[in-house]
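**Q** How does the following fold in three dimensions:
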Amino acid sequence: MLTAREIFEKLSEWPHRGCGSENEMEAREALMAALTGEYGVDVTDQGFKCPRTYLPFFWMIAIGQAIVVLLSPWAPAFMLGAGVLLFFSHLLYFDWRTSPIIWWGARSVTANVSATKGSGKRLVILMAHLDSAPSSYAYRPDQVRHFKLSIYLGTFIIGLGVLIPAMGTQDVVLPHWAGWIVTLLLLGQAVVASVDFWRFGYTPGANDNLTGVAAATEVASRLWKTMPTDTEVRLVITSGEEAGMLGAQHYWRQHRDELKMRDTHVLNFDTVGFGNLSFVTESGGFTPVYYDGPLVRTAAAVTKIDKRYSHVKAAKHHVGDFDSVWFARDGFSALTIAAYDDDGLMPHIHTPDDTADHIDLAIVEDAVRFGEAVIRTLPKT
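**A** Numbers count the residues shown, from 1 in each chain. Down below sits the predicted model:
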């Protein structure tokens, strides 16, 4: 049986696993080699092209809106249309929904890993993302507490790309210097979003999300060893999460018809190496995502009927979102297990400090046991 500890230690050999990088490819191949040793398990990878990070999207929005603002005096109606498209792309992205231009610039080849065993009406998917995040100024300890405020402020600045050409259609033309100030604001926020990546590159990604990969893999291995009846157990390790949860979005689109025909449950593990183990009942950006399906109800029941898990609490996630969001919004039974500090945050993530020495593997192993208990307690529907 594969253990979270050995998977974590093995994949920690790579300094990072940036989406589409050679490091990510090598780490993925090492994981697939380990999974191939599992008896009766079919292991495949499903390749796709993806942006390396979310930063190309940020720059497309910023540069596009800057052009809209500067050209508004000459073609306000046309610029208004372009500004609306860019603004709603931004809104959809930060509400963690499918955005029209997020896949533009998808040139890096990466892959999701799928390992499966069993058959039956029920399908249990254990999910986690392998790629590590770009270093981000917004996640610095002194900034992350203001994450939502920075999103709202950025959205207001992007919204000027709609307001200014809209004023132009009413023959209200701003002075040239005002347009240049807005342009500097637009480009400035893209610079702030990029500066730590330019300085430090990708993070080591020990907590976010090597811990999740290790936990999901051991849960799958435990279930494969003693299979639940009438159930297929599938491990899905995604890429492109740090570019906008694109690997999971790709998997959801490719397999949606199959998943809809079955009794499907998606249990996602993300950042389970530090703090208080929790199961997420609410996330989302501008609009909330509520997790209230069979997996959530079972997780809540397990914490009440088994004293070993009475310390696991329901939590609301306030910064970003998870791979499970596509499935939850589409009506699937979905749940993410994560861990938070006493302030409800995930320390060190998206920074160069997300290293193995900050990880408590006992929490990862606790996540494994809790995740397995949830799946084995899950009632049949």
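**Q** what's downstream of the helix or strand where Leu185 lies, the next helix or strand?
**A** Assigned by DSSP states H and E, Leu185 falls within helix 176-200. Once helix 176-200 ends, the next helix or strand along the chain (criterion: DSSP H and E) is helix 211-225.
**Q** Pull up the pairing partners for the next helix or strand after that next one, direction included.
**A** Downstream of helix 211-225, the first helix or strand assigned by DSSP H and E is strand 231-238. If you go by DSSP bridges, strand 231-238 pairs up with strand 108-118 (antiparallel), strand 122-129 (parallel).
**Q** Among those, single out whichever gets nearest to Ala314.
**A** strand 122-129 (19.5 Å; Cβ to Cβ). In short, each C-beta sits where N, CA and C put it, glycine included.
**Q** before we move on, the earlier item: which residues touch the helix holding Leu185?
**A** With contacts defined as Cβ atoms under 8 Å, 6 or more residues apart in numbering, helix 176-200 is touched by 53, 55, 58-59, 61-63, 65-66, 69-70, 72-73, 134-138, 140, 154, 157-158, 160-161, 164, 351-352.
**Q** sec struct for Thr264, please.
**A** Of the three states, Thr264 takes strand under DSSP: H, G, I helix; E, B strand; the rest coil.
**Q** and the contacts of helix 176-200, which are buried?
**A** With burial judged by 16 or more other Cβ atoms under 10 Å, the buried subset of these is 53, 55, 58-59, 61-62, 65-66, 69-70, 72-73, 134-138, 154, 157-158, 160-161, 164, 351.
**Q** Just those residues: which are in helices?
**A** Counted as lying in helices by DSSP state H, out of those, are 55, 58-59, 61-62, 65-66, 69-70, 154, 157-158, 160-161, 164.
**Q** Give me the residue ranges of the stretch 251-381 of the chain where confidence is low.
**A** Counting by pLDDT under 70, the stretch 251-381 of the chain has low-confidence residues at 381.
**Q** again, only this time at 50
**A** Low-confidence segments of the stretch 251-381 of the chain (pLDDT under 50): none present.
**Q** Can you show me the strands along it?
**A** Remark: strands assigned in the stretch 251-381 of the chain by DSSP state E, counting those that start in this stretch are 263-269, 276-284, 288-290, 313-316, 333-340.
**Q** Could you export the fourth one as PDB, CA atoms only?
**A** The C-alpha atoms that make up strand 313-316 are tabulated as PDB, following Å, rounded to 0.1, in the frame of the first residue of the first chain:
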ATOM      1  CA  LYS A 313     -14.700  21.200  11.800                       C
ATOM      2  CA  ALA A 314     -16.700  22.700   9.000                       C
ATOM      3  CA  ALA A 315     -15.000  25.700   7.400                       C
ATOM      4  CA  LYS A 316     -15.500  28.600   5.000                       C
END
